[in-house]
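[1] need coordinates for the below:
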Amino acid sequence: MDLKSYGEFCFDQVGSTALKLVPYLEDMNMRLNRANIALSLPEYIATAVFSTGLIAGFVLAALGTVLVIGSGLTGLLQALIASLLVSLLSIGVFYAYPGVRVNSRGREIRDMLPFATMYLSTLAGTGTSISEMFGELADVDEYGEVSNEAEKISRDI
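    Next comes the predicted model:
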């Protein structure tokens, strides 16, 4: 299952909750676009809420079973606290991930741009049109994110 279909599935499950959270997380929309994450803001929020719920439920069930057997009701309280902490960590990771991805893409583009520029210069020397140059650059996988951005430019020309 790819990210887009998982995001749609999560939105189908908890979309109403995600839509209520959208006004509070509008600042993430630009980071999602810059990070090249193929989910809309409501889908991303739904993915975060649904995944966090799954993780929290699993931690509560697994850790709760082990701790209740060993410690009784005190173990259940410990499992609840652990589940809450894991949930907070999960939400933090989902909130920070687009920013981390933006920085990673920026580094990759910065590192590959000189080589892509040389390739474009070579293509320009052969008399290739600008739209064809970006199309050719998009077809070369060695340039990574630069190729992805060239594909967007080629599509928009």
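
[2] what's the spacing between the residue of the chain positioned farthest from its centre and Gln78?
    Within the chain, the residue lying farthest from the chain centre (Cα atoms, centre = their mean) is Gly72, at 39.6 Å. According to Cβ to Cβ, to the nearest Å, Gly72 and Gln78 sit 11 Å apart. For glycine as for every other residue, the C-beta is placed from the backbone atoms N, C-alpha and C.

[3] on that earlier part again, tell me both backbone torsions, phi and psi, for the residue farthest from the centre of the chain.
    phi 80, psi -140 (degrees, to the nearest 10).

[4] what about Asn36, helix or strand, and which?
    Per DSSP states H and E: Asn36 is located in neither a helix nor a strand.

[5] cool, and Thr74?
    Per DSSP H and E: Thr74 is located in helix 73-125.

[6] equivalent analysis for Val14, please.
    helix 3-21.

[7] now do that helix: everything it contacts.
    Applying Cβ atoms under 8 Å, 6 or more residues apart in numbering, the contact partners of helix 3-21 are 1, 37-40, 42-47, 49-51, 53.

[8] cool, and stretch 118-138?
    So stretch 118-138 is in contact with 116, 140, 143, 146-148, 150-151, 153-154, 157, going by Cβ under 8 Å, 6+ apart.

[9] most neighbours of all those residues, which one?
    Using other Cβ atoms under 10 Å as the neighbour criterion, Val146 leads the contacts of stretch 118-138 with 25 neighbours.
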